[in-house]
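Enquirer: This is the structure alone, sequence omitted:
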């Protein structure tokens, strides 16, 4: 593997982890957190209602909870993990763990993705047919 | 002319926004005794001069071609409705013809529209006028024949899966950047009006915006170099993208089965990615 390939690969992985894989969702979540923090700052009554001590830590806690509430869908996805089917993940794991060179791995990855696209194209008409039959 | 006006309006609004942001930062972070001295004024003036130079440089570079596009699109508006897509066809026609004297063509064009201005044309040769006529006709013919929608469809078909993924991702990232900058502005306003005194509400969204920008740069680099997708995590990301947008990848959509998956690897290490100018545009 080339040097810049490795560096950019690790960088993009780091960014993905920091943004929890959904950049738009996490930026909206941060907007929520900021709004909650400001709301608690502007109306201290809210803290007294929740029977917590009026300190900075409470505000941070509530804004963190707001952040996590926006990310609920991400968490559900991570736990259930059924975004893509298991078979392809197995194939990809097999390619990753095999003893091939990088160029060969690249070819195999592209073949796997192309096969997936083909299978999608073949599934589409059958779905429509089943829908029309049922209706 | 409308093209230039639009870009000018954009530049003015951007500069006003920048000025507001600078003022906010200075009032927030710089201590008061420095604010009252003239150093801040000088620094702001220097930044403004630098920015205006940069903008003007960019403008001078693009001035000629934008002028030509305007002229040709004006010509086209006479006959049929021209959209932004037809401008693409016009650009390619201009590039093929290597037509450089746009000013005199504009004069001639104005004269043909309004007979009172015909005096302007006197300083042109008969040959030049003939040439302009030919060019005009050729452009018209090309645009009439070319179905522009078909052309863009072909361009999309020629793109690889990773490039489509990059397009989608960049749209998402730009939206995320806008949202984070809005939240930064909210935080800064709250600090200014003394609702809150925690700087994290202002600094954290700015850090997120910077992260998003870096992420976009890294992604475009990887895709344009052809590295993207050739490892486990990125292959899974691509598969997720395909799963979400299934309609784009069946035979009737913008793709078809024969689409390439990855960009080709660029062998020469000195070559820089030309993503923003050439390949992928939003």
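Expert: Perfect, I can see it now. The shown structure was predicted, so the numbers you read here are calculated from the model rather than taken from an experiment.

Enquirer: As a check, name the ranges of all helices in the chain.
Expert: Since you didn't name a chain, this refers to chain A. Per DSSP state H, chain A carries helices over the ranges A:3-18, A:23-42, A:45-49, A:56-70, A:72-80, A:86-97, A:102-134.

Enquirer: My question was about chain B, not that one.
Expert: B:2-29, B:32-36, B:39-79, B:84-97, B:102-113, B:126-145, B:148-158, B:161-192, B:200-225, B:232-244.

Enquirer: Make JSON lines from the helices of chain A and add mean pLDDT to it.
Expert: Listed next are these as JSON lines, based on pLDDT from 0 to 100:
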{"stretch": "helix A:3-18", "mean pLDDT": "90"}
{"stretch": "helix A:23-42", "mean pLDDT": "92"}
{"stretch": "helix A:45-49", "mean pLDDT": "87"}
{"stretch": "helix A:56-70", "mean pLDDT": "92"}
{"stretch": "helix A:72-80", "mean pLDDT": "86"}
{"stretch": "helix A:86-97", "mean pLDDT": "85"}
{"stretch": "helix A:102-134", "mean pLDDT": "73"}
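
Enquirer: Make a markdown table out of those and add mean neighbour count and distance to residue B:205.
Expert: C-betas here are computed from N, CA, C, even on glycine. Shown next, in a markdown table, are these (neighbours: other CB atoms under 10 Å in any protein chain shown; distance: least, CB to CB, whole Å):
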| stretch | mean neighbour count | distance to residue B:205 |
| --- | --- | --- |
| helix A:3-18 | 15 | 14 |
| helix A:23-42 | 21 | 6 |
| helix A:45-49 | 12 | 22 |
| helix A:56-70 | 16 | 12 |
| helix A:72-80 | 11 | 19 |
| helix A:86-97 | 14 | 35 |
| helix A:102-134 | 14 | 35 |
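
Enquirer: could you dump those to CSV with distance to residue B:15?
Expert: CSV is the format used below for the helices of chain A (distance: least, CB to CB, whole Å):
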stretch, distance to residue B:15
helix A:3-18, 30
helix A:23-42, 25
helix A:45-49, 40
helix A:56-70, 34
helix A:72-80, 38
helix A:86-97, 49
helix A:102-134, 45
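
Enquirer: What is the neighbour count of residue B:264?
Expert: Using other CB atoms under 10 Å in any protein chain shown as the criterion, residue B:264 is surrounded by 9 other residues.

Enquirer: For it, which non-adjacent residue is spatially closest?
Expert: Spatial nearest neighbour of residue B:264, chain neighbours left out: residue B:226 (5.5 Å); criterion: CB to CB, 6 or more residues apart in numbering or on different chains.

Enquirer: I'd say the one you found and residue B:234 touch.
Expert: No - the criterion here is CB atoms under 8 Å, and residue B:226 misses it with residue B:234 at 12.0 Å.

Enquirer: So which of the two has more stuff around it?
Expert: Neighbours per residue, other CB under 10 Å: of residue B:226 and residue B:234, the larger number sits with residue B:234, 22 against 19.

Enquirer: any idea what sits nearest that one, other than its immediate chain neighbours?
Expert: residue B:228 (5.7 Å).

Enquirer: Name all residues that make contact with the one you found.
Expert: Residues near residue B:228 by CB atoms under 8 Å, 6 or more residues apart in numbering or on different chains: B:162, B:165-166, B:219, B:222, B:234, B:262-263.

Enquirer: Those: which two are farthest apart?
Expert: Spatial extent of these (CB to CB) is set by the pair B:219 and B:262 at 14.1 Å.

Enquirer: Which one of the two is surrounded by more residues?
Expert: Using other CB under 10 Å as the criterion, residue B:219 and residue B:262 rank with residue B:219 on top: 24 against 21.

Enquirer: Let me see the contact set for that one.
Expert: By CB under 8 Å, 6+ apart, the residues touching residue B:219 are A:12, B:166, B:169-170, B:228.

Enquirer: Save the residues you listed as TSV, and put in distance to residue B:26 too.
Expert: Compiled in TSV, these are given as follows (distance: CB to CB, whole Å):
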residue	distance to residue B:26
A:12	35
B:166	37
B:169	35
B:170	32
B:228	41
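
Enquirer: Just the closest of those to residue A:30, please.
Expert: Ranked by distance to residue A:30 (CB to CB), the contacts of residue B:219 are led by residue B:169 at 19.0 Å.

Enquirer: mind checking pLDDT for the closest one?
Expert: Here the pLDDT value assigned to residue B:169 is 90.

Enquirer: what about stretch B:229-245, average pLDDT?
Expert: Mean pLDDT, computed over stretch B:229-245, is 85.

Enquirer: Quick check: buried residues in that stretch?
Expert: For stretch B:229-245, burial by neighbour count (16 or more other CB atoms under 10 Å in any protein chain shown) applies to B:229-231, B:234-239, B:241-242, B:245.
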